[in-house]
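Engineer: Make a model of this:
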Amino acid sequence: MIEIIAISEAHIESFHRALDTVARERRYLAFLEAPPLEAVRSFVLDMIAQGNPQFVALSGGEVVGWCDVRRHPRPIYAHAGILGMGLLQPFRGQGIGTRLISTTLATAQAAHMTRVELSVRENNLNAIALYKRVGFTVEGLSRNAVKIDGVYENVIQMALLFSSDPSDQSCPPVVASMNPSPSS
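Structural biologist: Coordinates of the predicted model:
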């Protein structure tokens, strides 16, 4: 069974390994290998200290996926955060990503964020479908934004807006239906 829980200091080394594995696939993340362990430790501890949502998926006590929203540090952007996530290949296509992102978005909304944004490579169709399913919309396209091994890729900019006003239908709240049961 896969458990979705808030990250803690005890998960840092396992998170670093998972991050490095996904980064080395060279297809999904903004880097091609994980930063050094101490940089990842600093990032995670800062996320915890700042109260930013960061969740991990655990299988047998090991991190197999993660999702986080880092609030923008400047006051004029502090209502918003940037989403990052990843999942080890053997655990994809089982609903774990949906559970991770739903939990993280609900926590971001509870932390009074009203906007969550992300960047995703245009050819990452499964991720784009997931993001759209939970309410993200496309805001733009950055052409030739990524270059790996001499090949350019476009990057799609997406965002999800939350509203505390129930009459505002343009900003759907995160609802319980976005938190699927553990079997999905």
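
Engineer: Where does A106 sit: helix, strand or coil?
Structural biologist: helix (DSSP: H, G, I helix; E, B strand; the rest coil).

Engineer: do the same with A127
Structural biologist: Taking three-state DSSP, the label given to A127 is helix.

Engineer: Tell me, how many residues neighbour the closest residue to it other than its chain neighbours?
Structural biologist: Of all residues beyond its chain neighbours, the one nearest A127 is V120 (5.2 Å), with distances taken as CB to CB, 6 or more residues apart in numbering. For the C-beta atoms, the positions are set from N, CA and C on the backbone; glycine is no exception. Look at V120: counted by other CB atoms under 10 Å, it has 20 neighbours.

Engineer: While we're on V120, how confident is the model there?
Structural biologist: For V120, the model assigns a pLDDT of 98.

Engineer: So it versus L105, what's the distance?
Structural biologist: According to CB to CB, to the nearest Å, V120 and L105 sit 15 Å apart.

Engineer: Show me where this protein has its strands.
Structural biologist: Under the criterion DSSP state E, the chain carries strands at the ranges 3-6, 54-59, 62-71, 80-87, 115-121, 137-148, 151-161.

Engineer: Please enumerate residues in contact with the last one?
Structural biologist: The set of residues external to strand 151-161 that reach it, using CB atoms under 8 Å, 6 or more residues apart in numbering, is 105, 114-123, 128, 131, 134-147, 170-171.

Engineer: got it, and the first one?
Structural biologist: Residues outside strand 3-6 that contact it (CB under 8 Å, 6+ apart): P53, Q54, F55, V56, A57, L58, S59, I96, R99, L100, T103.

Engineer: And the second one, by the same measure?
Structural biologist: Residues lying outside strand 54-59 but in contact with it, judged by CB under 8 Å, 6+ apart, are 2-7, 11, 14-15, 44, 47-48, 63-69, 87, 91, 96, 99-100, 103-104, 107.

Engineer: Weed out the non-buried ones from the residues you listed.
Structural biologist: 2, 4, 7, 11, 14-15, 44, 47, 63-69, 87, 91, 96, 99-100, 103-104, 107 (16 or more other CB atoms under 10 Å).

Engineer: Nearest to P35 among the contacts of strand 3-6?
Structural biologist: Within these, distances to P35 taken as CB to CB reach their minimum at Q54, with 15.4 Å.
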